[in-house]
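Asks: quick one, what's the 3D model for this:
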Amino acid sequence: MEKFTTQIAVQSYQTNHYGKASVCSLFQFMLEAAWAHAQVMDWGYDHLQSQNMLWVLSRMYVEVEHYPAWQETITLNTWSAGTDGVYAYREFVLENEKHEVLLRANTAWLILDAESRKIVLLKEHQDTFPRYSGKGVCREPKRIRPKKSTSQLQYVPVLFSDLDVNKHFNSVKALERVLDHYGIDFLNEHEPASVEINYLKEGLAGDQLAVTTEHLTDHKYQSNLVRESDQAELSTMVIRWRSRMV
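Replies: Numbers count the residues shown, from 1 in each chain. Below you'll find the predicted structure:
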């Protein structure tokens, strides 16, 4: 199994007001590369749709060393990191033109039956999802237990622009909402050094969602996206922050 490589020129609309690629843009780069590589492996969106199945991102762990700048050309490498029979793992390494590592990530994906929403087991497809490299670039994403919050919740609906091709609340939009919840003053002074996300339930058009955030340690916070109708956590994430490097 070969790795998949793509070069990306960072565009202005993919940056924040500091001229650096936003963490949400980095997530989008990885997801697009994952879809493209899955197509090459004959396990892409079109193939799964013909089999009445779909890919779902379940867990993600990302370490960011440096954020690339506007107009910088970066290289994203991704490959299959094997399967445990349930999850298909995928790793990523993002480098600059000097081959310095900007980002490392490990992700866990599920295949679902499109109608029943049951997990399709991958035990019979071990050869289809081999581990490209014997050593992981970073640890695998772990299960995160959601934390209940007693704070007053402010609900915002899932809008048309929040939906992905599967008509679900987009995984990057979930991160975007959580980041915005921290406020401009905090984000002007801090940037994510690592992000770990568990996607727990599907969000749909019209769902009313609120963000809760709890302080874990000096630099770590945990946030949940909560649905108003059933108080279900759609996602939970732990972000480790550092002082913004301008």
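
Asks: these two touch, right, Thr5 and Phe92?
Replies: No - counting by Cβ atoms under 8 Å, Thr5 stays clear of Phe92, with 10.9 Å between them. C-beta: built from backbone N, CA, C; applies to glycine.

Asks: packing partners for the top helix by length along the chain?
Replies: Secondary structure assigned by DSSP state H gives helix 23-40 as the longest helix of the chain. Other helices and strands packing on helix 23-40, by 3 or more Cβ pairs under 8 Å, 6 or more residues apart in numbering; DSSP states H and E, are strand 4-9, helix 45-50, strand 53-64, strand 73-83, strand 88-95, strand 101-113, helix 171-181, strand 190-199.

Asks: before we move on, the earlier item: who has more neighbours out of Thr5 and Phe92?
Replies: Phe92 (26 against 14; other Cβ atoms under 10 Å).

Asks: could you measure from that one over to Phe160?
Replies: According to Cβ to Cβ, to the nearest Å, Phe92 and Phe160 sit 29 Å apart.

Asks: list the buried residues of the helix-or-strand element of the chain with minimal mean pLDDT.
Replies: Within the chain, no helix or strand scores below helix 45-50, which has a mean of 87 by mean pLDDT, DSSP states H and E. Buried residues in helix 45-50, defined by neighbour count with 16 or more other Cβ atoms under 10 Å: Leu48.

Asks: for it, what is the distance to the chain centroid?
Replies: Counting by Cα atoms, centre = their mean, to the nearest Å, helix 45-50 is centred 21 Å from the centre of its parent chain.

Asks: for Gln71, report the pLDDT, please.
Replies: pLDDT recorded at Gln71 is 98.

Asks: ugh, wrong one, I meant Met60
Replies: 98.

Asks: what's the burial count for it?
Replies: Residues near Met60, counting by other Cβ under 10 Å: 25.

Asks: ok, now Ala108?
Replies: Using other Cβ under 10 Å, Ala108 has 23 neighbouring residues.

Asks: so it sits right up against Glu91, yeah?
Replies: No - using Cβ under 8 Å, Ala108 is not in contact with Glu91, being 10.7 Å away.

Asks: what sits in contact with each of Thr5 and Phe92?
Replies: Residues touching both Thr5 and Phe92 by Cβ atoms under 8 Å, 6 or more residues apart in numbering: Leu76, Asn77.

Asks: helix, strand, or coil at Glu2?
Replies: Here Glu2 is recorded as coil under DSSP: H, G, I helix; E, B strand; the rest coil.

Asks: which residues does Val226 form beta bridges with?
Replies: In this entry, Val226 is beta-bridged to Ala210, Glu233, by DSSP bridges.

Asks: for it, give its distance to Val211.
Replies: 8 Å.
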